[in-house]
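Output the structure for:
(2 chains)
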Number of protein chains: 2
Amino acid sequence: MNTEIPKISDFPTGEENTGYAQYFTGKSYLASLTTNKDLNVPIFNVSFEPGARNNWHTHTGGQILIVVGGEGLYQERGNPARLMKSGEVVEIAPNVEHWHGATVDSWFSHLGIACNPTINENIWLEPVTDEIYRDANASVKQ
Amino acid sequence: MNTEIPKISDFPTGEENTGYAQYFTGKSYLASLTTNKDLNVPIFNVSFEPGARNNWHTHTGGQILIVVGGEGLYQERGNPARLMKSGEVVEIAPNVEHWHGATVDSWFSHLGIACNPTINENIWLEPVTDEIYRDANASVKQ
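Now for the predicted structure:
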């Protein structure tokens, strides 16, 4: 039902991200942008509907987010949430517990790069509670 | 003199790319977007004034271009030039001879990812002649 998704950026939005839905609250969409495994830089465009976010998680190889549309949130465990806007880049070191997603009132798209793919594993943890998500939204809107 | 540069994308344009000027025809601008070397995905925003392009070159580790603003050209040796627009991604395999740059009448910005940075070398070759550049522009405007 892609017809209900607005244009978020110039990048393709792809299909509903059903494969990872168990690790997300709300709907997300996934488009793979690369195919050459020799380059060791797999890139995906991940789009979140308003209110959607992924669970707390870590990447053993690290991750880079490149924001291309809308407004989103990024939070590392124990730190305040950060508002993310188009043109910003977030570098996530290996094994840092974090989550990311849309704000409560905006669609959001970031390119996600799986760093060090030959050794990377994603470790999925518990969902971001409604309370943590509400506080994160409130903190960046002040 | 960044005051003469228009807004090309939401990403920072950075400073005039004097360090690589010897490998470019026309002016380019460079902004480094990453700092964490453990991630092995160095990302730069490279912006070209209209008419600017880099020399023919190869990357022993390969490269990925993510177009974020304006209109540009990408050409591999022996193949037709390709028009590049915001939202497109180009995967350049290791050791493929190619050049990229703005079209003759548009500013252009792409993110450039140096793949396999621990083993990558850039091999710079001859400039793209005015004739090749003119033909490349003509071929994509048809």
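
Strands of chain A, residue ranges please.
A:15-16, A:24-25, A:28-32, A:43-48, A:53-54, A:57-59, A:63-76, A:82-85, A:89-92, A:98-102, A:108-114, A:122-124 (DSSP state E).

So what's the model's average confidence on the longest one?
The average pLDDT within strand A:63-76 is 98.

ok, and does that strand reach over to chain B?
Yes. Against chain B, strand A:63-76 shows contacts by C-beta under 8 Å from any C-beta of the partner chain at A:63-64, A:66, A:68. For the C-beta atoms, the positions are set from N, CA and C on the backbone; glycine is no exception.

Which of the strands of chain A sits closest to B:A102?
strand A:63-76 (20.5 Å; C-beta to C-beta).

strand partners of that closest one, parallel vs antiparallel please.
Strand A:63-76 has the following sheet partners, assigned by DSSP bridges: strand A:82-85 (antiparallel), strand A:89-92 (antiparallel), strand A:98-102 (antiparallel), strand A:108-114 (antiparallel).

roughly how far apart are the closest residue to A:G72 other than its chain neighbours and chain B?
Spatially, and ignoring its direct neighbours in sequence, A:G72 is nearest to A:F108 (3.7 Å; C-beta to C-beta, 6 or more residues apart in numbering or on different chains). Computed as C-beta to the nearest C-beta, to the nearest Å, the A:F108 to chain B distance reads 14 Å.

Please apply the same query to A:P6.
The value you get for A:P6 to chain B, if C-beta to the nearest C-beta is used, is 15 Å.

and that residue, what does it touch?
Residues near A:P6 by C-beta atoms under 8 Å, 6 or more residues apart in numbering or on different chains: A:W107.

Make sure the residue nearest to A:G72 is actually in contact with A:G101.
Yes. A:F108 is within contact range of A:G101, at 6.9 Å (criterion: C-beta atoms under 8 Å).

Spell out which residues are contacts of both of the two.
Residues within reach of A:F108 and of A:G101 at once, by C-beta under 8 Å, 6+ apart, are A:48, A:72.

picking up where we left off before, out of the residues of strand A:63-76 next to chain B, flag the one nearest to chain B.
A:I64 (5.6 Å; C-beta to the nearest C-beta).

my guess is A:N40 meets B:N40, correct?
Yes. With contact defined as C-beta under 8 Å, A:N40 reaches B:N40; the gap is 7.4 Å.

Name the residues contacting each of these two.
Common neighbours of A:N40 and B:N40 (C-beta under 8 Å, 6+ apart) are A:116, B:116.

Quick one: residues contacting the spatially closest residue to A:N116 that is not a sequence neighbour.
Counting by C-beta to C-beta, 6+ apart, A:N116 lies nearest to A:G61, which is 3.2 Å off, once chain neighbours are set aside. Contact analysis of A:G61 by C-beta under 8 Å, 6+ apart lists A:94, A:114-117, A:119-121, B:39.

What parts of chain A come near chain B?
Checking chain A against chain B by C-beta under 8 Å from any C-beta, the hits are A:9-12, A:33-36, A:38-41, A:43, A:61-64, A:66, A:68, A:85-87, A:89, A:91, A:93-94, A:111, A:113, A:115-116.

Whichever of the residues you listed end up buried, select them in PyMOL.
Applied in PyMOL, the following selects the buried portion of these according to 16 or more other C-beta atoms under 10 Å in any protein chain shown:
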select buried, chain A and resi 9+10+11+12+33+34+39+40+41+43+61+62+63+64+66+68+86+87+89+91+94+111+113+115+116
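
A:V67: what's it in contact with?
A:V67 neighbours (C-beta under 8 Å, 6+ apart): A:84-90, A:108-110.

Closest to B:E4 out of these?
Looking across these and measuring by C-beta to C-beta, the closest to B:E4 is A:G87, at 20.3 Å.

Distance check, the residue nearest to A:G72 against B:F11.
Per C-beta to C-beta, to the nearest Å, A:F108 is found 17 Å from B:F11.

returning to that earlier point: of all pairs in the contacts of A:G61, which one spans the longest distance?
A:E121 and B:L39 (15.2 Å).

Assess the claim that A:I5 and A:P50 are in contact.
No. Using C-beta under 8 Å, A:I5 is not in contact with A:P50; the gap is 11.4 Å.

Can you check which residues contact both of the two?
Shared contacts of A:I5 and A:P50 (C-beta under 8 Å, 6+ apart): A:W107.

Excluding residues flanking it in the chain, which one is nearest A:G14?
That would be A:A31: by C-beta to C-beta, 6+ apart, it lies 2.8 Å from A:G14.
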